[in-house]
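Trainee: Here is my input, please return the structure:
(one chain, ligands or ions: 2)
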Amino acid sequence: MSTEFAQKLQTYADLIVKVGLNIQPGQRLVLGNIMNFGVNIQTAPLVREIAKAAYKVGARFVNVMWGDEELQLIRLQHAPRDSFAEYPTWQVSGTVEYLEREDALLGIVGNDPDLLKGQDPELVGMMQQTATGYFQPILSYTSRMAVNWSVAAAAVPSWAAKVFPDLAPEEQMSSLWEAIFAACRVNQADPIAAWQEHIDQLVARGDYLNHKRYTALNYRAPGTDLTVGLPTAHRWQGSGRVTSENGIAFTPNMPTEEVFSLPHKEQTEGVVTASKPLDYGGTLIEDFSLTFAGGRVVQVAARKGEALLRKLVESDEGAGRLGEVALVPHSSPIAHSALLFYNTLFDENAASHLALGQAYKLSLVGSEGMADDEFAAAGGNQSMIHVDFMIGSAAMAVDGVTDDGALEPIMRSGEWAFDL
Ligand code: ZN
Ligand code: ZN
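Mentor: Numbers count the residues shown, from 1 in each chain. Ligands and ions are numbered 1, 2, ... in the order given. Predicted coordinates for the structure are as follows:
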């Protein structure tokens, strides 16, 4: 590890702890299970820096649930076919124990996008569905922002090889780390100040859109002609600054470039074509489009992974409806890198996107303490899944539909089309 790299890794860990999580003195930090995996053991160099940074700001205890993605592959190849409803439920109850005590939660992504390629889609689907089901207790805390939580990335060799197939193996890891550092503003003179300024911008864009009270968004791009209705009480916000139920301002995703809100679950009409592949649990779904009527997916088409996409939108009642609408300018640092990361945390911040499944209650004004059926009546979608897919590009135009049906430009050629 060169001194320069070690320094950047430390700065990055500091950002995750101070801006991402904003850990408070006395809080515990659990680095936990995201769906199937614990924290990939290959990310240990970053995780150790995060632990140091957390203790430095007063964390009381840092607990890491390690995992190994190769064990998942071994399972698919060798475990009995009828065993894929098995799940290590203690990982969820253990994490919930921390969440109940208002401790902080961090997920680290860093995995092989092609891990499950070529495996039996039936078993993969079953494994995903099982994991999603058992994951619900954690999602119920994170989706209502009960505590300060965040997700950040770490480079691992298999992922680096996928993003930089043409480089020599020893250069792949350093290139992926550099790309992560650039996307997370680690290279700026004062990264924490740069983040604050960036977050202020996102907040201002959200405020503008909130003031407009659009009834719908209208998207046009090659293969896309889509209208997404917005509930009357929808709220735009950035993932940059969120306040938890226990009053801690945090940043749930690092990087983040999006301003997002709540689509009305019954008011999406038309067709939308994805602008990037979707990595779903290690399988890529490529060149796909979804057709909506009355808010529900009525047709799916994909050049690759169509069966998995169909399974995804049919996983439960709300899985075929939208739960998030997010705007990202095409000039975001991640889009600027022109890399395909094969990872939603990065690719979603390179492009405007939508999500199938669960909506965030905080995207609805007055949702504090609201019961699920009230939230649904207001247009909020509910599902066991929340899967983002990218639709933005340099060719996308987005308009806001006003109360009286007029169209106002929000984005042109993939860039913000209004001044602040
Ligand atoms: Zn999003
Ligand atoms: Zn999302």
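
Trainee: Relative to ligand 2, how far out is the residue in the stretch 251-400 of the chain that ligand 1 sits nearest to?
Mentor: With C-beta to the ion as the measure, Ala326 is the residue of the stretch 251-400 of the chain nearest to ligand 1, at 3.9 Å. C-betas here are computed from N, CA, C, even on glycine. Applying C-beta to the ion, to the nearest Å, the value for Ala326 to ligand 2 is 7 Å.

Trainee: which stretches of the protein aren't confidently modelled?
Mentor: For the chain, the stretches with pLDDT under 70 are 33-37, 282.

Trainee: can you pull out the helices in it?
Mentor: 3-15, 44-56, 69-78, 89-100, 121-143, 157-163, 169-183, 191-212, 306-313, 333-336, 344-347, 372-377 (DSSP state H).

Trainee: In a markdown table: those, plus distance to Ala406 and mean neighbour count.
Mentor: A markdown table is the format used below for the helices of the chain (distance: least, C-beta to C-beta, whole Å; neighbours: other C-beta atoms under 10 Å):
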| stretch | distance to Ala406 | mean neighbour count |
| --- | --- | --- |
| helix 3-15 | 42 | 17 |
| helix 44-56 | 49 | 19 |
| helix 69-78 | 50 | 15 |
| helix 89-100 | 45 | 16 |
| helix 121-143 | 34 | 18 |
| helix 157-163 | 43 | 19 |
| helix 169-183 | 37 | 18 |
| helix 191-212 | 11 | 16 |
| helix 306-313 | 33 | 20 |
| helix 333-336 | 29 | 18 |
| helix 344-347 | 33 | 22 |
| helix 372-377 | 28 | 13 |
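
Trainee: ok now do the closest residue to ligand 2 within the stretch 201-350 of the chain, which residues does it touch?
Mentor: Taking C-beta to the ion, ligand 2 has its nearest neighbour within the stretch 201-350 of the chain at Glu324, 4.6 Å off. Glu324 sits next to Phe260, Ser261, Leu262, Pro263, His353, Leu354, Ala355, Ala359, Tyr360, Ser363, His386, Asp388 when contact means C-beta atoms under 8 Å, 6 or more residues apart in numbering.

Trainee: who wins for neighbours among these?
Mentor: Ala359 (32 neighbours; other C-beta atoms under 10 Å).

Trainee: you'd agree that residue is up against His264?
Mentor: No: counting by C-beta atoms under 8 Å, Ala359 does not reach His264; the two are 9.6 Å apart.

Trainee: residues from the chain in reach of ligand 1?
Mentor: By C-beta under 5 Å from the ion, the residues of the chain that approach ligand 1 are Glu258, Phe260, Ala326.
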